[in-house]
Each structure stands twice: as C-alpha cells, then as structure tokens.
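[1] quick check, what structure comes out for this input:
(one chain, ligands or ions: 1)
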Amino acid sequence: MTNSNIPFLDLVTLHAELEGELCAILRSSLRTAAFVGGHTVETFEADFAKFCGTEYCVGVGSGTDALRFALISAGVAPDSIVITVPNTFIATAEAISQAGATPHFVDVDKRTYNMDPEQLREFLESKCAWDAIGKRTIHTATGKHVAAVVPVHLYGQMADMDAISELAEKYNLLVIEDACQAHGSQYFSERGQRWRTSGSIGKAAAFSFYPGKNLGACGEAGAITTNDPQLAKRARMLRDHGQSKKYYHDLEGYNGRLDSIQAGFLSVKLAHLATWNAQRQANAARYNELIGALADTIEPPYEPSWSRAVFHLYVVEVADRDAVQKLLGASGIGTGIHYPIPLHLQKAYEHLGYEPGAFPVTEKAAERIISLPMYPSLTAEQQERVVSALRTAVQSSNPDLALAANVK
Ligand SMILES: *Cc1c(COP(=O)(O)O)cnc(C)c1O
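    The predicted model follows:
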C-alpha cells in the first residue's frame, strides 16, 4: 500500500499516454495553419455523429454554446418557458435564459437524481393549459408558451427518456437533451425496443468536451447532435455569425465554432472513449462491491435496468457529508460535490422567485451527496483505500456508528 494522495480527477496520466498522438495533431495544424474549420472539424463531427447514432453533429465552442444553439435552432422563441431540473450545472439554465426563455424547474427522482417524469407531468397537468388552436401548452399563471423540456443526463446516467418523450409528445414540447456528462451512455427504450445512445433521442442534444468530461478536449469545446437537417443547418449558421456564406448574414449569430486543433485532439481521444467508459463502468462496479457491506450508511448510485451509465461521476450519499468530505481530504482523498447549491437557490436566479423547500428531493440530496474519485486510470488499490477511508470517515462523523464499531 502506498500513501500517496488520490486525486478526485487525474487528467495527467491520460494525456501522458496520448502525448505522441496529440503532439502530431498540433504539429500538423501548425504546418497547415488551418486553425478554424476545415476537414479536421468535419471528420470529428462525422465520427461523433456515428458514435451517438445520429445523422448530424455540429461542433461548437463549448457545451453551453451547444445547449444555447440547440434551443434556438430547434425554435425555442424568446419569452417562452423551458422546463429543466434544479440539480445541474448552471450552464443548463444559462443556455435557456440566453436563448431568451425562462427556466422552470421540476424536481428529480431521489434515486437517479434525474428529472422525475411524475413531477414533469404534475406541472403540465396542474399548472398549464392546452391551447387547441395553437396546438401548444400555455403556462396558466404567466400566459407563456411552454416550448421545451431539457432533461439532464446527470453523472453519466440518462434520464427516463420514454416517460419524458411521451409527455413531450402529448403537450407538444421540444426535447433537448443535456448530454454534457453522458457521452456514450445508453437507455433501453421500451417504445423503440432497443438500446439508444444519449444524444440520439431528443430533437437535439448538447455535449460538452470540457477537459474533465468523459470525452474532453485540451481546452473548451462542445457539440450538438440531431437527426434534423434544418436544425443542424441553423446551428451551423448560429455558431458562425449567422452566415449562410461568407459575409451573407441571414441571421444574427455568435462566434461559437469548434477550433480545429481541439477537433483533432477530440478525434484522437474519441477512438479511446468506449474503452475509457468501460473502465469507468468496471470501476463503478468495484466501488459498488466495496461499498456493498456498508450500504446502510453509504448509499451507492442506483442504476435502473434500462440504464447503462458511463459514470462521469460516482456519487454516494452519506449523512454528515461535510464532515465526511473533510475527513477524506485529511486522508489525502480528493472529492467533489455536484452540486452543493441547487440552481433555484442560487443568487443568480433570485429573480425566478423560488423559495427554499420548493424542490425537497434536490435540496436534501445537495446536503448528502459526495462524488468519489472516478476516472479510467483509477486502480483497484486506490478504490480500496477510498472506501476504507470512507468507512472510517462515516463512522467517526457519526458517534452512534463509532460506538457500534467500538463495541464490535
Ligand atoms: C459541463 C456541463 C455543461 C456545460 O459545458 P461547458 O462545455 O462547460 O460549457 C452543461 N451542462 C452540464 C450538465 C454540464 O456538466
């Protein structure tokens, strides 16, 4: 046993292994000076679309760009309402606001931490009315059009997409997947009787290639996937100042292109993604097994039978989370909290008018969740040390348990 620290995330090992290939990309970019656009970007887009099982992929500057452009390209108009969850990274809600819409939150399922379709149903049934002429759903209190729903595939596990898609069809809502944490995760669709990959179910999906994601660039990058050629075309224009051709701006867009060097790096890494995801899944299975005996004090992640998660994060629940996190830190084990403050309680969203208690499942989870080290190169020995330190931390942060342990 070594006593070296176990980082929450290790990006160094992975890049050391790929250094030769990544440097070759950089060298060829310098020699051709093709830094924006070109075939490197197109090649990556084609390969990533294939990986997700979609017709189109549009590379953009970040996951936030991807969400914003996907919403606008799908036709979410200013002044409408877009439904999402409060326990996500703020970019999900930022993209909704920046598309001109208002985020409306619904609570999550307490076991998967993903959108609870029953909460979605309840909002649509009790707070909205059907406009039979416009064939659309109207939020009764504000008179606004409820245009879309953004399920977030949090921690690498997909939301319950059959249930969400059925409601979206009934109420005529667009579904835009936030797949920023879920590259390659799968969902068994009863409706389609097959496994479907994240990013291929909604009208469009957004991916982030932020360095720490399962597929990460060496900088900022993101992508939209879709089967809709018009949506893909609009997204291509939006990322490039609304140009249909050089200096012909059919609409006002953004500077949100995927950089060619990043696209080249991403192509190198995409070839490894399936292996890395399998390593994460094996690591998650090992954690589950090690935690198994402690399951009454440490709640491991729940994976429904319809899910094949890719464990972007491995999140457990404990009673005295802050104390446990501190004790793990003192043992040299890095952890994270995703996320400590739900979006409806963030200062930035005060104006939305939510009160504490509005989303009890999310709020309770925010106090109890802790993300353990998780990455492809994490070793069995490191995982044993993490769980052994976790066991000690849970016992010493909870006097009753410590007592029970001493009696034994
Ligand atoms: C990372 C992330 C984003 C944003 O991606 P960026 O590339 O950082 O802009 C959006 N949503 C979720 C759930 C994320 O984890």
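[2] thought Thr197 was touching Gln186?
    Yes: here Thr197 reaches Gln186: they are 5.5 Å apart, a contact under Cβ atoms under 8 Å. (C-beta placed from N, C-alpha, C; glycine too.)
[3] run through the residues that contact the closest residue to the ligand within the chain.
    Residue nearest to the ligand within the chain (Cβ to the nearest ligand atom): Gly63, separated by 2.4 Å. Contacts were defined as Cβ atoms under 8 Å, 6 or more residues apart in numbering; by that measure Gly63 touches 91, 180, 206-210, 213, 222.
[4] of those, which belong to helices?
    Ala91 (DSSP state H).
[5] ok, which pair from the contacts of Gly63 is furthest apart?
    Within the contacts of Gly63, two members stand farthest from each other by Cβ to Cβ: Ala91 and Phe209, at 13.2 Å.
[6] between those two, who's got more neighbours?
    Between Ala91 and Phe209, counted using other Cβ atoms under 10 Å, the more crowded position is Phe209 (33 against 23).
[7] so who does that one touch?
    63, 215-217, 220-223, 262, 266.
[8] what is the neighbour count of the nearest residue to it once chain neighbours are set aside?
    In this structure, Phe209 finds its nearest non-sequential neighbour in Ala221, 3.9 Å apart by Cβ to Cβ, 6 or more residues apart in numbering. Neighbours of Ala221 under the rule other Cβ under 10 Å: 30.
[9] Serialize the contacts of Phe209 to CSV and add fields for pLDDT.
    What follows is the contacts of Phe209, written out as CSV (pLDDT from 0 to 100):
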residue, pLDDT
Gly63, 98
Leu215, 98
Gly216, 98
Ala217, 98
Glu220, 98
Ala221, 98
Gly222, 98
Ala223, 98
Gln262, 98
Leu266, 98
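[10] in helices, which of these appear?
    63, 262, 266.
[11] number of nearby residues for Ile81?
    For Ile81, using other Cβ under 10 Å, the count is 23.
[12] what's the answer for Gly20, then?
    Neighbours of Gly20 (other Cβ under 10 Å): 9.
[13] that one: helix or strand, and which one exactly?
    Assessed by DSSP states H and E, Gly20 sits inside helix 12-32.
[14] following the chain past that helix, name the next helix or strand.
    helix 39-52.
[15] packing partners for that following helix?
    strand 56-60, strand 222-226, helix 260-292 (3 or more Cβ pairs under 8 Å, 6 or more residues apart in numbering; DSSP states H and E).
[16] picking that back up, mind putting the contacts of Phe209 in CSV, distance to Gly202 included?
    Listed next are these as CSV, based on distance: Cβ to Cβ, whole Å:
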residue, distance to Gly202
Gly63, 15
Leu215, 19
Gly216, 22
Ala217, 23
Glu220, 23
Ala221, 21
Gly222, 16
Ala223, 14
Gln262, 24
Leu266, 22
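[17] just to revisit the earlier point, please identify the most buried of the helices and strands packed on helix 39-52.
    Comparing the helices and strands packed on helix 39-52 by mean neighbour count (mean count of other Cβ atoms under 10 Å), strand 222-226 ranks first with a mean of 30.
[18] how about that strand as PDB, C-alpha atoms only?
    Taking Å, rounded to 0.1, in the frame of the first residue of the first chain, the C-alpha atoms of strand 222-226 are listed here in PDB:
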ATOM      1  CA  GLY A 222     -18.800  21.200 -27.400                       C
ATOM      2  CA  ALA A 223     -21.200  19.700 -30.000                       C
ATOM      3  CA  ILE A 224     -24.800  19.400 -31.000                       C
ATOM      4  CA  THR A 225     -26.200  16.200 -32.300                       C
ATOM      5  CA  THR A 226     -29.500  15.800 -34.200                       C
END
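[19] that one - contacts with which helices or strands?
    helix 39-52, strand 56-60, helix 63-74, strand 204-208, helix 229-238.
[20] what's the closest of the ones you listed to Tyr375?
    Across the helices and strands packed on strand 222-226, closest to Tyr375 is strand 204-208 (Cβ to Cβ), at 16.5 Å.
[21] that closest one vs helix 229-238, what angle?
    If you take axes from the mean of the first three to the mean of the last three Cα atoms, to 10 degrees, strand 204-208 sits at 40 degrees to helix 229-238.
[22] quick one: the helices in the stretch 301-408 of the chain, in order.
    Assigned by DSSP state H, counting those that start in this stretch, the helices in the stretch 301-408 of the chain fall at 321-330, 360-368, 380-396, 399-407.
[23] can you lay out those as TSV showing distance to the ligand and mean neighbour count?
    Formatted as TSV, the helices of the stretch 301-408 of the chain follow (distance: least, Cβ to the nearest ligand atom, whole Å; neighbours: other Cβ atoms under 10 Å):
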stretch	distance to the ligand	mean neighbour count
helix 321-330	20	17
helix 360-368	14	17
helix 380-396	22	19
helix 399-407	33	11
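[24] kindly reformat those as CSV containing mean pLDDT and distance to Ala235.
    Conversion of those to CSV gives the following (pLDDT from 0 to 100; distance: least, Cβ to Cβ, whole Å):
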stretch, mean pLDDT, distance to Ala235
helix 321-330, 97, 39
helix 360-368, 98, 30
helix 380-396, 95, 40
helix 399-407, 54, 52
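[25] now for those helices, which one comes closest to His344?
    helix 360-368 (8.0 Å).
[26] what's that closest one in contact with?
    85-87, 107-110, 113, 116, 317-319, 321, 337, 339-342, 344-345, 356-357.
[27] quick one: buried ones out of those residues?
    Buried subset of the contacts of helix 360-368 (neighbour count, 16 or more other Cβ atoms under 10 Å): 85-87, 107-109, 113, 116, 317-319, 321, 337, 339, 342, 344-345.
[28] of those, which belong to strands?
    The strands, defined by DSSP state E, take in Glu317 from the buried ones among the contacts of helix 360-368.
[29] give me the pLDDT for the closest residue in space to Ser28 that isn't next to it in sequence.
    Nearest residue to Ser28, sequence neighbours excluded (Cβ to Cβ, 6+ apart): Gly264, at 7.6 Å. The model reports Gly264 with a pLDDT of 98.
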